[in-house]
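1. Below is the sequence, then the predicted model.
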Amino acid sequence: MKATLKPCKLKGCIEAPPSKSMAHRYLIGAALSGKVCQISGVDYSEDILASMDCLRALGAEITAEGDRVTVNGEHFMQSIQPVLPCRESGSTLRFLIPLALCLGKEVTFSGSQRLLERPLTVYEELCKEKEFFFRKEETSLTLCGRLSGGCYQLRGDISSQFITGLIFALVFCNEDSKITILPPFESRSYVNLTISALRSFGAEVAFTNDNTITIKKSDLQAYSGKIEGDYSNGAFLDAFNMLGSEIEIQNLREDSLQGDKVYREYFHKLMETTPTLDISDCPDLGPVLFAVAALQNGATFTGTDRLKVKESDRGLAMHEELKKLGGGLIFGDNRICVPKQELTDNGVILDGHNDHRIVMALSVILSKIGGEIDGIEAVKKSYPGFFSEIQKLGAEVMIS
């Protein structure tokens with residue numbers, strides 16, 4: 001599918017979509033509770049649908065009505081289907097691998113080729129150490145092990161999703177356990193989100209110092225609540241304001257623990273100066289920050305290596321598309337420089353690189369200069385309603 005955008009300014013009020021990060025965590029927490037829980041404010045993106053399908057495969061009963069999901073965890077981890085379909089969701093895969101390793105039986109995860117190309121080294125090393133079975137193929141991963149509580153040590157410089165996945169498994173094991181994280185510890189805020197969500201279900205999980213997490217034996221309870229708004233996708237909406245639009249974004253909690261809340265501070269710096277910004281703790285903001293920087297004062301971004309192993313190589317993808325518009329990026333050692341640039345629609349169709357955040361970042365740019373993007377269906381991964389929502393705000397978009 002393609003989107004053709006004309007230069008335009010957006011105006012009006014909009015609610016930020018529900019947080020995909022929190023929805024993953026609350027759905028898994030509800031299954032772990034073993035009780036009946038209702039989670040409202042759920043947006044059925046491809047990633048969330050993947051988690052729901054995999055939780056069903058692990059025995060949870062899940063029904064959806066409107067934006068409310070009812071999870072019955074009574075038989076969770078008891079009735080297991082042979083294949084867990086992760087689609088393209090890295091969160092789903094990394095969050096559920098350690099739980100699968102608690103079963104003592106063979107479990108297979110399926111997913112796209114790109115998903116299985118993303119790093120799983122932390123879990124592979126854990127399986128090797130524990131003498132568990134671990135076989136990764138082009139579109140599947142098969143595991144077998146019997147993970148138990150205890151003391152674990154994980155690197156903190158690859159992805160916080162590995163830490164979150166192990167926390168889920170150790171809560172299920174229901175033994176006193178400890179995770180020591182080897183510095184540097186990146187994306188700490190995402191681990192804080194995990195701990196916050198699990199505490200809603202009565203789990204006793206906490207940091208005892210900067211790099212140590214304790215998980216105590218505890219009785220989980222039912223919880224029902226609403227998913228908060230998403231700062232990650234809210235940043236793409238707010239980016240239109242950086243180019244002259246007037247959008248009021250609602251449903252973003254000021255006291256949120258989401259690390260991508262930093263986008264507001266970063267946008268301010270991009271408007272005022274030519275800053276150096278560290279995105280090692282907020283890699284999902286990379287594409288939209290590059291877009292705003294290119295059209296404002298330029299910037300240098302550090303901590304960019306993790307962009308290589310997302311849905312696309314996000315730095316390279318943005319460089320290739322900006323080149324089509326007369327710009328580009330400059331690459332260094334774990335850093336990317338975005339010069340201030342005069343971008344123009346040269347009649348060349350842009351490519352979304354099968355990456356939701358690339359599509360949305362390019363849409364922000366084209367709202368300024370006009371143009372066409374192919375592969376816009378990628379937004380279904382996290383924000384299915386993106387184009388319909390910006391159309392309501394006055395974006396001149398034609399979908400074909």
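-> Done, it's in. Numbering: from 1, shown residues only.
2. Okay, strands next: where are they in the stretch 101-250 of the chain?
-> 107-110, 133-136, 140-144, 151-155, 177-182, 204-209, 212-216, 225-226, 246-250 (DSSP state E, counting those that start in this stretch).
3. can you list contacts of the shortest one?
-> For strand 225-226, the external contacting residues (C-beta atoms under 8 Å, 6 or more residues apart in numbering) are 26, 39-41, 200. Using the backbone N, CA and C atoms, a C-beta is placed for each residue, glycine as well.
4. Please compute how far that strand lies from its chain's middle.
-> 19 Å (C-alpha atoms, centre = their mean, to the nearest Å).
5. Just checking: what are the partner strands of it?
-> Applying DSSP bridges, strand 225-226 is found paired with strand 36-40 (parallel).
6. so after the strand it pairs with, what's the next helix or strand?
-> The helix or strand immediately downstream of strand 36-40 is helix 46-57, counting by DSSP states H and E.
7. doesn't residue 364 make contact with residue 294?
-> No. Between residue 294 and residue 364 there is no contact, the gap being 10.1 Å when judged by C-beta atoms under 8 Å.
8. and this structure, what are its domains?
-> Domain assignment for the chain by automatic domain parsing gives 2-17+230-399, 20-214.
9. Need the distance between the two termini of the shortest one.
-> Start to finish, the residues bounding domain 2-17+230-399 are 6 Å apart (C-alpha to C-alpha, to the nearest Å).
10. And the average pLDDT for it is what?
-> Averaging pLDDT along domain 2-17+230-399 yields 97.
11. repeat for the longest one
-> Along domain 20-214, the predicted local confidence has a mean pLDDT of 96.
12. any idea how far it is from the chain center?
-> Its chain's C-alpha centre and that of domain 20-214 lie 14 Å apart, by C-alpha atoms, centre = their mean.
13. give me the number of residues near residue 346?
-> A count of nearby residues for residue 346, using other C-beta atoms under 10 Å, gives 10.
14. now the one 10 residues further on
-> The number of residues packed near residue 356 is 31, by other C-beta under 10 Å.
15. Excluding covalently adjacent residues, which one is nearest to it?
-> What sits nearest to residue 356 in space, not counting adjacent residues and going by C-beta to C-beta, 6 or more residues apart in numbering, is residue 381, at 4.3 Å.
16. Same check on residue 224?
-> Once flanking residues are discounted, residue 224 sits nearest to residue 38: 4.2 Å by C-beta to C-beta, 6+ apart.
17. give me every residue that touches the one you found.
-> Listed by C-beta under 8 Å, 6+ apart, the contact set of residue 38 reads 68-71, 224.
18. now that we have these, which one has the most neighbours?
-> In the contacts of residue 38, the most neighbours by other C-beta under 10 Å go to residue 71, 29 neighbours.
19. so what's the backbone phi/psi at that one?
-> phi -120, psi 120 (degrees, to the nearest 10).
20. does it have beta-bridge partners, and which?
-> Beta bridges link residue 71 to residue 37, residue 62, judged by DSSP bridges.
21. Return the distance of the residue nearest to residue 224 relative to residue 194.
-> Separation of residue 38 from residue 194 (C-beta to C-beta, to the nearest Å) stands at 20 Å.
22. still on that earlier bit, most surrounded residue in the contacts of strand 225-226?
-> The most crowded member of those, judged by other C-beta under 10 Å, is residue 26 (30 neighbours).
23. In what element of secondary structure is it found?
-> For residue 26, the host element (DSSP H and E) is helix 20-33.
24. okay, the angle between that helix and strand 36-40?
-> Per axes from the mean of the first three to the mean of the last three C-alpha atoms, to 10 degrees, the angle that helix 20-33 makes with strand 36-40 is 170 degrees.
25. what ranges do the helices span in the stretch 301-400 of the chain?
-> With DSSP state H, counting those that start in this stretch, the ranges of helices along the stretch 301-400 of the chain come out as 314-324, 356-369, 386-392.
26. can you list the residues that contact the first one?
-> Spelled out, it's helix 314-324. 283, 286-287, 290-291, 294, 304, 307-308, 328-329, 331, 336, 341, 343, 346, 348, 350-351, 353, 355, 357-358, 361-362.
27. Same question for stretch 293-301.
-> 242-243, 269-279, 286, 289-290, 322, 327, 335-341, 343, 365, 368.
28. Buried among the residues you listed? Make that a PyMOL selection.
-> Here is the PyMOL command that selects the buried residues among the contacts of stretch 293-301 (16 or more other C-beta atoms under 10 Å):
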select buried, resi 242+243+269+270+274+277+279+286+289+290+322+327+335+336+338+339+341+343+365+368
